[in-house]
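[1] Quick one: sequence and predicted model below, then my questions.
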Amino acid sequence: MQATTLDVTAIRKDFPILQRKVNGYPLVYLDNAATSQTPRQVIDVIVDYYSRYNANIHRGVHALSQEATDAYEQAREKIRSHFNAAHSHEIIFTSGTTEAINLVANGFSSLLAEGDEILVSAMEHHSNIVPWQMLCERNGAKLRVIPMNQQGELEMDTYREMLSGKTKLVFCNHISNALGTINPVEEIIRLAHDSGAAVLIDGAQAAPHLKADMQQLDVDFYTVSAHKLCGPTGVGMLYGKEEWLRKLPPYKGGGEMIAEVTFEKTTYADLPHKFEAGTPNIAGGIAFGAALDYLNAIGMEAIARYEQELLAYATQKLQEIEGLRIYGTAADKTSVISFNIDGIHPYDIGTLLDKMGIAVRTGHHCAQPIMDFYQIPGTVRASFCFYNSIEEIDRLVEGVKKAKDMLL
Amino acid sequence: MSIQEIQEEIVDEFSMFDDWMQRYEYMIELGKSLPLIDEAYKTDDNLIKGCQSKVWVHAELDGDKLVFTADSDAIITKGIIAILIRAFSHQKPKDIIEADTAYIDEIGLKEHLSPTRANGLVSMIKQLKLYAVAYQTQLN
């Protein structure tokens, strides 16, 4: 099969890391759902920042500080535009999705009372379970789980029945990191709003594959990590509707987030600074914007189309291997394949693939409840990005076959 | 044979292979010959933490020597624990405590020695030595 929709050979040249060898083989990087690789264009932005205008933002009178502030705020505007938020002050820079979720969970702790309910999907990443469990422990609210079926799709009928006046918050990932399922978030949000609940959608896995429109979704909170969309690690965003961000108390105290401080009382700064205490990851924020530029230059639709080709090809080829079972077979899914082979531990396959220069993830993917659901210790997960090639999928399939022969 | 001698023997065996695949195939073979732990001892207490796969180890005294049995749900992990146990089993606790485990590096399994490696080889060595410390105290 020949993929046709993207010039992958040219794209691959943008990624210096894809030129390296691992264990003597050319690297095949298929752990993109954990961290995607960084193109030269984004790396250059980071180097340029530290080479030319590294300075603290928002408070200096000097030229460097002003340039850094401008670049940082331009990045915020790029992010706003990409996700079509109504206002740039609805974009809060965080260290990533985990911090963004914790920020909201922390804020809600003062808004929830005993007996209130929070609904969470059965296919959440641990970072979307633990903060809410901690929150419920603090104020007596109840955490309820929206179940999923064998294909790894949410049971929407049950969800409808679970919603009630007690439901204050619903949270769900846009795309499951372990299974690749694309959840029907528009419907999830609409139904939640009908019963008066707010919704947080974790977009960490979705943002690299599709462009989510904040206003069209009418979502209350949406979270993204830059390192999953060709940006650097340690930076991400929380989108929050203005009315919600005004309602939530600050998450961290410190510089930048204050308007006036005396020992008697502090007044908080306006949005978005109220949630951005301390010196942020300035280079990271600017590079986050550059990563979106990079993706948009290729085109999110072209990316999605090509990744679907990779997914279809890999699914077909892997399924030809006897004893191989794919977990997560939702009709609507992104380029992630979680699988096991009968009688073989995922760790063994991952170890041998690594010896062949093929990087996959093994284990529970920070989603232990999903593994418990399927009663397995974990899976091997191959996740594809637009810079992966058909040849690399052939290497994966050959590698899995070889590993299977060695292990059985 | 002393721990040192057994370890040298293992290094010799592995030196016959010139590529990683043969080494891993041999390790998988060794995993299949691992002295298996009695099912009754496959308890959470005997589970080694820090491994992506499950590893259970049990130790008991035979005279003044320690005998190890183990199991894992992953075959490569079984091979690694088999290599460790072959050197440490039927040895005096004191010798196990003092044993150097640099031979792991020499047999080309260096990547498994990283403390952050999910297979927990370092945790396994630590656990075997902890058993030795515990039984040494008992012998004293």
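    Cool, the structure landed. This one's a predicted model, so the numbers in the text were calculated from it and none came from an experiment.
[2] Could you list the contact residues of chain B toward chain A?
    The interface of chain B toward chain A, taken as C-beta under 8 Å from any C-beta of the partner chain, is made up of B:20-21, B:24-25, B:28, B:52-54, B:73-77, B:118-119. (Each C-beta comes from the backbone N, C-alpha and C, glycine too.)
[3] hmm, 7 Å instead?
    Residues of chain B lying near chain A by C-beta under 7 Å from any C-beta of the partner chain: B:20, B:24-25, B:28, B:52-53, B:73-77, B:118-119.
[4] Would you reformat those residues as CSV and include neighbour count and secondary structure?
    As requested, the residues of chain B next to chain A are exported to CSV (neighbours: other C-beta atoms under 10 Å in any protein chain shown; DSSP: H, G, I helix; E, B strand; the rest coil):
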residue, neighbour count, secondary structure
B:20, 16, helix
B:24, 23, helix
B:25, 16, helix
B:28, 19, helix
B:52, 21, coil
B:53, 24, coil
B:73, 15, coil
B:74, 26, coil
B:75, 26, helix
B:76, 25, helix
B:77, 31, helix
B:118, 17, coil
B:119, 26, coil
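[5] Closest one of these to chain A?
    Here the nearest of the residues of chain B next to chain A to chain A, counting by C-beta to the nearest C-beta, is residue B:74; it sits at 3.7 Å.
[6] residue contacts, the closest one?
    Counting by C-beta atoms under 7 Å, 6 or more residues apart in numbering or on different chains, residue B:74 touches A:345, A:347, A:348, B:53.
[7] Show me which pair in those is furthest apart.
    Comparing all pairs in the contacts of residue B:74 by C-beta to C-beta, the longest separation belongs to A:348 and B:53, at 7.9 Å.
[8] want to throw the residues of chain B next to chain A into CSV with pLDDT?
    Listed next are the residues of chain B next to chain A as CSV, based on pLDDT from 0 to 100:
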residue, pLDDT
B:20, 86
B:24, 91
B:25, 93
B:28, 93
B:52, 73
B:53, 81
B:73, 89
B:74, 89
B:75, 92
B:76, 89
B:77, 88
B:118, 51
B:119, 55
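[9] Adding distance to residue B:11, write these out as a markdown table.
    Below are those laid out as a markdown table (distance: C-beta to C-beta, whole Å):
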| residue | distance to residue B:11 |
| --- | --- |
| B:20 | 16 |
| B:24 | 16 |
| B:25 | 17 |
| B:28 | 18 |
| B:52 | 26 |
| B:53 | 25 |
| B:73 | 28 |
| B:74 | 24 |
| B:75 | 22 |
| B:76 | 19 |
| B:77 | 20 |
| B:118 | 25 |
| B:119 | 20 |
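[10] need the contact list for the residue of chain A at minimum distance from chain B.
    Closest residue of chain A to chain B, C-beta to the nearest C-beta: residue A:345 (3.7 Å). By C-beta under 7 Å, 6+ apart, residue A:345 lies in contact with A:377, B:53, B:73, B:74, B:75.
[11] And it, how far from residue A:233?
    To residue A:233, residue A:345 is 29 Å away according to C-beta to C-beta, to the nearest Å.
[12] before we move on, what about residue A:323?
    Taken as C-beta to C-beta, the span from residue A:323 to residue A:233 is 36 Å.
[13] so where do the helices sit in chain B?
    B:3-15, B:20-32, B:75-88, B:93-98, B:103-106, B:121-139 (DSSP state H).
[14] need the least confident one among those, by mean pLDDT.
    Mean pLDDT values for the helices of chain B show the minimum at helix B:103-106, a mean of 86.
[15] And the pLDDT for residue 44?
    Because you didn't say which chain, this covers chain A. In this model, residue A:44 is scored at 98, pLDDT.
[16] Can you look at chain B instead?
    Looking at residue B:44, its pLDDT reads 89.
[17] try the one 5 residues further on
    The per-residue pLDDT reported for residue B:49 equals 72.
[18] same thing with the one 5 residues further on?
    pLDDT, the model's per-residue confidence, is 86 for residue B:54.
[19] was I right about it contacting residue B:70?
    No. Residue B:54 lies out of contact with residue B:70 (C-beta atoms under 7 Å); the separation is 10.7 Å.
[20] neighbour-wise, which of the two wins?
    Ranked by neighbour count (other C-beta atoms under 10 Å in any protein chain shown), residue B:54 and residue B:70 place residue B:70 first, with 27 against 16.
[21] The more buried one and chain A, how far apart?
    15 Å (C-beta to the nearest C-beta, to the nearest Å).
[22] In PDB, list the C-alpha atoms belonging to stretch A:261-272.
    Written as PDB, here are the backbone C-alpha positions of stretch A:261-272 (Å, rounded to 0.1, in the frame of the first residue of the first chain):
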ATOM      1  CA  VAL A 261      -0.800  42.900  48.100                       C
ATOM      2  CA  THR A 262      -0.800  44.100  51.700                       C
ATOM      3  CA  PHE A 263      -0.400  41.900  54.700                       C
ATOM      4  CA  GLU A 264      -4.100  42.300  55.400                       C
ATOM      5  CA  LYS A 265      -5.400  41.500  52.000                       C
ATOM      6  CA  THR A 266      -4.500  40.600  48.500                       C
ATOM      7  CA  THR A 267      -6.600  41.400  45.400                       C
ATOM      8  CA  TYR A 268      -6.100  39.000  42.600                       C
ATOM      9  CA  ALA A 269      -5.100  40.000  39.100                       C
ATOM     10  CA  ASP A 270      -7.500  39.700  36.300                       C
ATOM     11  CA  LEU A 271      -7.700  36.700  33.900                       C
ATOM     12  CA  PRO A 272      -5.600  35.000  32.800                       C
END
